[in-house]
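**Student:** Quick one, what's the 3D model for this:
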Amino acid sequence: MENRKMLLPALLSITLVFSLILPVSVAGASAAVPRPDDRSISYLVVGSPSAAPAMALNTPQGNVTPMVAARGVQTVGLKSDGTVVAVGNNYYGQCNVGGWTSIVQVAVGYMHTVGLKSDGTVIAVGDNEYGQCDVGDWENITQVAAGWGHTVGLKSNGTVVAVGYNDYGQCNASNWIAITQVATGNGHTVGLKSDGTVVAVGWNSDGRCDVGNWTGITQITGGWGHTVGLKADGTVVAVGDNEYGQCDVGNWTNIVQVAASYYHTVGLKSDGTVVAVGYDDYGQCNVGGWGNITQVAAGEEHTVGLKSDGSVIAVGDNEDGQCNLSDWNLVLALPPSQKVQVGIKAGAWIKIAYKITGWPAGQPYPEWLKLEFLSVEGTIANVRVTMHMSDGTEQSDTTVPVDVVSGGEVPGLSGGIISANLTTGDSVYMSGFGNVTIKGETTRIYAGARRTVVYTSISQSIPYQGEVQLGYYWDKLTGVLVEASTTYGDITATCKATETNMWGTAPPAAGMPWWLWIIVAVVVVALALVVYRLKKRKTPTTPTPPTEGT
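**Tutor:** Take a look at the predicted model:
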């Protein structure tokens, strides 16, 4: 039973959308999705400039998750159509990415740039003195990371490959298994395991590889001489060189993503704001006024933030133009069939009830989840999420920005909102799976009303763990999730909308067509005539009395 308790959280975090049934207070380490302490529900932000999240293979162009990456004195951006842009130092051609297509993740080394393609292969440009760009034969890769002179790839089976400078053994990771994310630094490589523990190889100057006692880690990143880990409760740990205070992250809370580079560390908070510590001579830590940020990256002496609208901002050293990003927008217009329509309105709310079977005894589970859309501006909705647990406790996030364009990841409920009025064949982006096709639409009763819904289903094979089956139903006119199900082994979880103010009660059954009414009328009249004649035959005739004289 104890192994089963640990397996569930790991499984849920790997699949991301399996967070449907994840009670945020369940014990156990998450391998990919941050979970909160008693402060709030986890904000499902994944990704790192040096080690971005694993991407689903065969993601078609047109709706790739945008991201930014930085390392040395260059900045790279991945657009939603799978193309890449770059600015900064280009001495070795590390910014020559203009012809790249079908890219789903990028990573930046100190003098080279790496791109993961949708088919699981990898390309690289820039300095190749140590063979760090020799990745042409890699396949089945789900995530890449780039260090000072080496490149690391995570394979779909949880193993790791590496090429490049190896004088400190930083490429000696071929025996690693059950890895869910890789990160790199200067002379060291770090791996996050599915059980939330961390491994590291390479140069251990200043203790940058002393991560053996870390547990409950959900994301890792490597700096020049330090390593940073994000914990499931939103706090952060760090080891290694701390000359400039780059490891002073012990008081950080509500963090959903971390990034590290030479001598500074950056943290993205659940409310879209950013914090930073470390070397600040170029103002690279001046991020206190940032807001609506969905991902951060750290370069040598600059910091980059991706905003929810697809624009990019940067502070710090700009000697090589690495901060010249004001004209970037990484979210491109979608094809006509995928035009985003925001169907939700400010003040709307919906309550979703859970039903779970096969859950481990003694572990609390969610009974219901309430989403309240406090405000809606453009494609951004500010959402308050309240989750009620079986032990009577409730966990609630304050306002959290959710972008319909980028997938509508609602805290605690992945795939919670999609564009309104999608139809069969349209595409929905879901974290961990890439583009998922709408398979059809139907009519069902939700929260007392008959609603037209669009639906999809997903089957995902998790290395070392088995098959996960998922089903999703969204209200067509609002784009809000109204039903979902997850099956893994003997565990089944479903959720369904039970209350809302978005629509009224169920309307009466639709009226019959006119021609059917005519048929009914004719039948009724015919029956009436038959009954009349039957009654007339059965009524006795009273004889007429004879008249007098006859």
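**Student:** where are the low-confidence patches of this structure?
**Tutor:** Applying pLDDT under 70 to the chain flags residues 1-63, 333-340, 397-400, 405-414, 429-434, 461-466, 504-516, 535-550.
**Student:** could you point out the longest helix in it?
**Tutor:** Ranked by residue count, the top helix of the chain under DSSP state H comes out as helix 514-538.
**Student:** secondary structure class for the closest residue in space to Gln395 that isn't next to it in sequence?
**Tutor:** Nearest non-adjacent residue to Gln395, counting by C-beta to C-beta, 6 or more residues apart in numbering: Met387, 5.0 Å away. Yep, even glycine has a C-beta here, placed from its N, CA and C like the rest. Following DSSP: H, G, I helix; E, B strand; the rest coil, Met387 is assigned to strand.
**Student:** Confirm for me that Met387 is in contact with Glu394.
**Tutor:** Yes - if you go by C-beta atoms under 8 Å, Met387 and Glu394 touch, sitting 6.7 Å apart.
**Student:** More neighbours: which of these two?
**Tutor:** More crowded of Met387 and Glu394, by other C-beta atoms under 10 Å: Met387, with 25 against 11.
**Student:** what bridges to Ala276?
**Tutor:** Val266 (DSSP bridges).
**Student:** hang on, isn't it packed against Trp290?
**Tutor:** No - using C-beta under 8 Å, Ala276 is not in contact with Trp290, being 9.6 Å away.
**Student:** When the two are compared, which one has more neighbours?
**Tutor:** The neighbour count for Ala276 versus Trp290, taken as other C-beta under 10 Å, is higher for Ala276 (23 against 20).
**Student:** biggest strand in this structure by residues?
**Tutor:** strand 449-462 (DSSP state E).
**Student:** could you dump it to CSV, C-alpha only?
**Tutor:** Listed next in CSV are the C-alpha coordinates belonging to strand 449-462 (Å, rounded to 0.1, in the frame of the first residue of the first chain):
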residue,chain,number,x,y,z
ALA,A,449,-29.5,22.3,-18.0
ARG,A,450,-29.2,20.5,-21.4
ARG,A,451,-25.9,21.7,-22.9
THR,A,452,-24.1,21.1,-26.1
VAL,A,453,-20.6,19.8,-25.3
VAL,A,454,-17.4,19.0,-27.3
TYR,A,455,-15.3,16.1,-26.2
THR,A,456,-12.0,14.3,-26.6
SER,A,457,-10.2,11.3,-25.2
ILE,A,458,-6.6,10.6,-24.5
SER,A,459,-4.6,7.4,-24.0
GLN,A,460,-1.1,7.9,-22.5
SER,A,461,1.5,5.2,-21.8
ILE,A,462,3.6,6.2,-18.8
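**Student:** Quick one: distance of it to the chain centre.
**Tutor:** Chain-centre distance of strand 449-462: 16 Å, with C-alpha atoms, centre = their mean, to the nearest Å.
**Student:** looking just at contacts, which helices and strands does the next helix or strand after it meet?
**Tutor:** Of the helices and strands lying after strand 449-462 in sequence (DSSP states H and E), the nearest is strand 466-475. Strand 466-475 sits against helix 2-15, strand 449-462, strand 481-488, with contacts defined as 3 or more C-beta pairs under 8 Å, 6 or more residues apart in numbering; DSSP states H and E.
**Student:** Which residue ranges of the stretch 351-500 of the chain form strands?
**Tutor:** For the stretch 351-500 of the chain, applying DSSP state E, counting those that start in this stretch gives strands covering 366-377, 380-389, 394-396, 400-403, 427-430, 434-437, 440-446, 449-462, 466-475, 481-488, 491-500.
**Student:** could these go into JSON lines alongside distance to Val315?
**Tutor:** Output for these, formatted as JSON lines (distance: least, C-beta to C-beta, whole Å):
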{"stretch": "strand 366-377", "distance to Val315": "25"}
{"stretch": "strand 380-389", "distance to Val315": "23"}
{"stretch": "strand 394-396", "distance to Val315": "33"}
{"stretch": "strand 400-403", "distance to Val315": "21"}
{"stretch": "strand 427-430", "distance to Val315": "29"}
{"stretch": "strand 434-437", "distance to Val315": "32"}
{"stretch": "strand 440-446", "distance to Val315": "46"}
{"stretch": "strand 449-462", "distance to Val315": "39"}
{"stretch": "strand 466-475", "distance to Val315": "38"}
{"stretch": "strand 481-488", "distance to Val315": "37"}
{"stretch": "strand 491-500", "distance to Val315": "41"}
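**Student:** of those, which approaches Val122 most closely?
**Tutor:** strand 434-437 (16.8 Å; C-beta to C-beta).
**Student:** picking that back up, right, and the strands of the stretch 351-500 of the chain - which one's nearest Tyr532?
**Tutor:** Closest to Tyr532 of these, according to C-beta to C-beta: strand 449-462, at 40.8 Å.
**Student:** Note down every partner strand of the closest one and its orientation.
**Tutor:** strand 440-446 (antiparallel), strand 466-475 (antiparallel).
**Student:** Among the strands of the stretch 351-500 of the chain, which comes closest to Ala69?
**Tutor:** Nearest of these (C-beta to C-beta): strand 434-437, 18.5 Å.
**Student:** Which neighbouring elements make contact with the closest one?
**Tutor:** Using 3+ C-beta pairs under 8 Å, 6+ apart: strand 434-437 touches strand 427-430, strand 449-462.
**Student:** Identify the residues contacting the closest residue in space to Val85 that isn't next to it in sequence.
**Tutor:** When the adjacent residues along the chain are set aside, Val85 lies closest to Gly77, with 4.8 Å between them (C-beta to C-beta, 6+ apart). Neighbour list for Gly77: 66-69, 84-86, 106, 306, 312, 325, 328, 330 [criterion: C-beta atoms under 8 Å, 6 or more residues apart in numbering].
**Student:** hmm, 7 Å instead?
**Tutor:** Contact analysis of Gly77 by C-beta atoms under 7 Å, 6 or more residues apart in numbering lists 68, 84-85, 312, 328, 330.
**Student:** chain center to stretch 66-86, what's the gap?
**Tutor:** 19 Å.
**Student:** correction: stretch 158-170
**Tutor:** From the chain centre to the centre of stretch 158-170 is a distance of 29 Å (C-alpha atoms, centre = their mean).
**Student:** between the strands of the stretch 351-500 of the chain, which one is nearest to Asn157?
**Tutor:** strand 449-462 (10.4 Å).
**Student:** buried set for that closest one?
**Tutor:** Buried positions in strand 449-462, judged by neighbour count with 16 or more other C-beta atoms under 10 Å: 449, 451, 453-456, 458, 460, 462.
**Student:** Val228: which of these is nearest?
**Tutor:** Ile462 (26.5 Å).
**Student:** and stretch 200-208, which residues are buried?
**Tutor:** 200-204, 206, 208.
**Student:** Looking at the residues you listed, which is nearest Thr492?
**Tutor:** For these, the nearest to Thr492 is Ala200 (38.1 Å; C-beta to C-beta).
**Student:** unless I'm mixing things up, the closest one is touching Cys209, no?
**Tutor:** Yes - the pair Ala200 and Cys209 passes the contact test of C-beta atoms under 7 Å, sitting 3.8 Å apart.
**Student:** Now the common contact residues for those two.
**Tutor:** His188.
**Student:** what's the closest residue to Ile255 other than its chain neighbours in contact with, if anything?
**Tutor:** Spatial nearest neighbour of Ile255, chain neighbours left out: Gly267 (4.5 Å); criterion: C-beta to C-beta, 6+ apart. Gly267 is in contact with 236, 249, 252, 255, 258, 274-275, counting by C-beta under 7 Å, 6+ apart.
**Student:** Show me which of those residues is closest to Trp176.
**Tutor:** Val258 (21.1 Å).
**Student:** Assign that closest one to helix, strand or coil.
**Tutor:** Val258 ends up strand, using three-state DSSP.
**Student:** which residues does it bridge with?
**Tutor:** In beta-bridge terms (that is, DSSP bridges), Val258 pairs with Gly267.
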